[in-house]
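Visitor: need the 3D shape of this:
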Amino acid sequence: MATYWLVPLEWDGETAVFSEERFTLAPADKRDRFVRALQAVHPRLLLAFKAHLLVADEALDACGTDDLPFALGSAGPIVLRSLEASTATDEEPSAGWPLSHCAEAYLSGLPSPGEAARLLSLADLEPGTEEWAAALRAWLLRGDRIIMLREDGVDR
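Guide: The predicted structure follows:
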């Protein structure tokens, strides 16, 4: 079963910091309606990205890894750095795990906080999603980007 996370993100083109404020988007029918309303305004406003594709694994030729070295449900921020800037090991994750090239390209294509806030204001959101929309607005106002991560194989 997949879990979808709504995550505020600091991204400077080299380092990605996924805030500890992240939360799951459930139930599925409410999430689907919320995402459809946002994507009706702009298709890239809230696209899902598979969490296992975030981290680079030098042993694999493809983007991503078989096993994430972190859990999205854990406390604290998650830091990833471009391969050129990454120095972390599994024992020292605070320096940042290596960010895959696929994830780096995806993050670079996210709408800026200002553009995403403008697009969010145009969305026709259904009742019951106000809390999610308020979180998005707050994150965008402080300059974060937003991302929806899909974490596979996690039961909630």
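
Visitor: residue contacts, the nearest residue to R22 once chain neighbours are set aside?
Guide: Leaving aside its sequence neighbours, R22 sits nearest to V7 (C-beta to C-beta, 6 or more residues apart in numbering; 4.1 Å). Backbone N, C-alpha and C define where each C-beta goes, glycine included. Neighbour list for V7: F18, S19, E21, R22, L72, I146, I147, M148, L149 [criterion: C-beta atoms under 8 Å, 6 or more residues apart in numbering].

Visitor: how about residues contacting the worst-scoring helix or strand of the chain on mean pLDDT?
Guide: Here the helix or strand of the chain ranked lowest by mean pLDDT, DSSP states H and E is strand 97-99, holding a mean of 91. The contact list for strand 97-99, computed with C-beta under 8 Å, 6+ apart, reads 16, 54-56, 58, 69-70, 78-83, 86, 88, 107.

Visitor: how about the closest residue to A75 other than its chain neighbours, phi and psi?
Guide: Counting by C-beta to C-beta, 6+ apart, E20 is the residue found nearest to A75 once chain neighbours are left out, at 6.1 Å. Taking degrees, to the nearest 10, you get phi -70, psi -10 for the backbone angles of E20.
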